[in-house]
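J.: Model the structure of this input:
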Amino acid sequence: MEKRHSPLLLSILCLGIALLYVPILTLIAYSFNASPLVNVWGGFSTMWYAELIHNRQLLGAALLSLEVAVTASTVAVVLGTLAAIALVRFARFPGRLLLTGMVNAPLVMPEIITGITQLLLFVSMLQMFSWPHRGFTTIVLSHVAFCTAYATITVQSRLQSADRSLEEAAMDLGSGPARAFIEITLPIIAPALLSSWLLSFTLSLDDLVISSFVSGPGASTLPMVIYSKVKLGVSPDINALASLIIIGVGVCVIAAGYLMRRAQRQRELETKFP
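T.: A predicted model of the protein is given here:
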């Protein structure tokens, strides 16, 4: 029986895609605008990309955001994986309910509340231990706190669906628990680890509210700098930087999707032809 597509559903789908991608394409187009005014097209030019190279404030903020995002997402994936293993592999242990609550709390907590509480924590720690000073370290610690929750949920769902009998068979053949986990289970949950890292990286790179509370003098992330500049009017060099970020993220997403699909096909081939 031939399926007919509803014109209404297709219209809604096209409208949703347009609302998502038309602003992105518009931003990329205006990054090549020769006019300094956002709402006035002055012709095609790449001058703002050249200006961006000499804008040390934006480049410094972008580099800081990338360093924070890479560090925070890597630490969050490690901690999230350990937390997911504890929640999936151990049915009962002291503090399980507390760990579950700690994992789920950042998912529903308003960012402004999280930022205030972490600011108070760092100020108290600085008074008592003279550490940490507000800056790169405090931003990373704050981002690790909320990114770990997302990493735990992502890895936990994959671990629950993984076939543990393969790991048990490896242990029956002489492998230790650690080796069996690394050689059997880790490749199975690798797509979840990659997905959680990319999600954590994106959340960290995009964060504005929490970073504004816990950052210090001379440690402004890219969202903070962009927000402060946008309040005075959108600058074309910001459009150029945003376009480069969009292109970079798009390339990373396509590459990650390709690697995940290739790994899935490899597992299917190994299953059919062991």
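J.: C-alpha coordinates for whatever helix or strand V225 lives in, PDB please?
T.: Per DSSP states H and E: V225 is located in helix 222-230. Written as PDB, here are the backbone C-alpha positions of helix 222-230 (Å, rounded to 0.1, in the frame of the first residue of the first chain):
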ATOM      1  CA  LEU A 222      33.600  33.600  24.400                       C
ATOM      2  CA  PRO A 223      29.900  33.700  25.300                       C
ATOM      3  CA  MET A 224      30.700  36.300  27.900                       C
ATOM      4  CA  VAL A 225      32.600  38.500  25.500                       C
ATOM      5  CA  ILE A 226      30.000  38.100  22.800                       C
ATOM      6  CA  TYR A 227      27.200  39.000  25.200                       C
ATOM      7  CA  SER A 228      28.900  42.100  26.400                       C
ATOM      8  CA  LYS A 229      29.500  43.200  22.800                       C
ATOM      9  CA  VAL A 230      26.000  42.400  21.600                       C
END
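J.: Show residues contacting that helix.
T.: 57-58, 61-62, 64-65, 205-208, 211-212, 215, 220, 235, 238, 241-242 (CB atoms under 8 Å, 6 or more residues apart in numbering). The C-beta positions use only the backbone N, C-alpha and C, and glycine is treated the same way.
J.: now do stretch 62-73
T.: Stretch 62-73 is contacted from outside by 136, 139-140, 143-144, 147, 197-198, 200-201, 204-205, 219-223, 241, 245, using CB under 8 Å, 6+ apart.
J.: Go again with 6 Å.
T.: For stretch 62-73, contacts defined as CB atoms under 6 Å, 6 or more residues apart in numbering pick out I139, V140, H143, V144, C147, W197, S200, F201, S204, L205, T221, L222.
J.: How many residues are close by the last one?
T.: Applying other CB atoms under 10 Å, we find 26 other residues in the vicinity of L222.
J.: Pull up the per-residue confidence for it.
T.: On pLDDT, L222 comes in at 91.
J.: any idea how far V77 is from it?
T.: The gap separating L222 from V77 is 22 Å, by CB to CB, to the nearest Å.
J.: The fourth one too?
T.: The gap separating V144 from V77 is 10 Å, by CB to CB.
J.: the more surrounded of those two?
T.: Neighbours were counted for V144 and for V77 using other CB under 10 Å; V77 has more, 27 against 22.
J.: Give me the neighbour count for the closest residue to F136 other than its chain neighbours.
T.: Excluding its sequence neighbours, the residue lying closest to F136 (CB to CB, 6 or more residues apart in numbering) is A219, at 5.8 Å. Residues lying near A219 (other CB under 10 Å) number 20.
J.: Kindly report the same for V249.
T.: Count around V249 with other CB under 10 Å applied: 14.
J.: Can you tell me the SS state at the residue nearest to it when sequence neighbours are not counted?
T.: Distance criterion CB to CB, 6+ apart; nearest residue to V249, sequence neighbours excluded, is T202 at 7.6 Å. Secondary structure, DSSP: H, G, I helix; E, B strand; the rest coil: T202 is helix.
J.: Any figure for the gap between T202 and I245?
T.: For T202, the distance to I245 equals 11 Å [CB to CB].
J.: what's the pLDDT at A61?
T.: A61 carries a pLDDT value of 93.
J.: hang on, it packs against G218?
T.: No: with contact defined as CB atoms under 6 Å, A61 and G218 do not form a contacting pair (10.6 Å).
J.: quick one, which of these two is more surrounded?
T.: Taking neighbours as other CB under 10 Å, A61 and G218 compare with A61 leading, 21 against 9.
J.: before we move on, what SS does the more buried one have?
T.: helix.
J.: Can you give me the distance of it to L208?
T.: Distance of A61 to L208, given as CB to CB: 12 Å.
J.: try A72
T.: Going from A72 to L208 by CB to CB gives 15 Å.
J.: who has more neighbours, those two?
T.: More crowded of A72 and L208, by other CB under 10 Å: A72, with 26 against 14.
J.: Alright, I will stop here.
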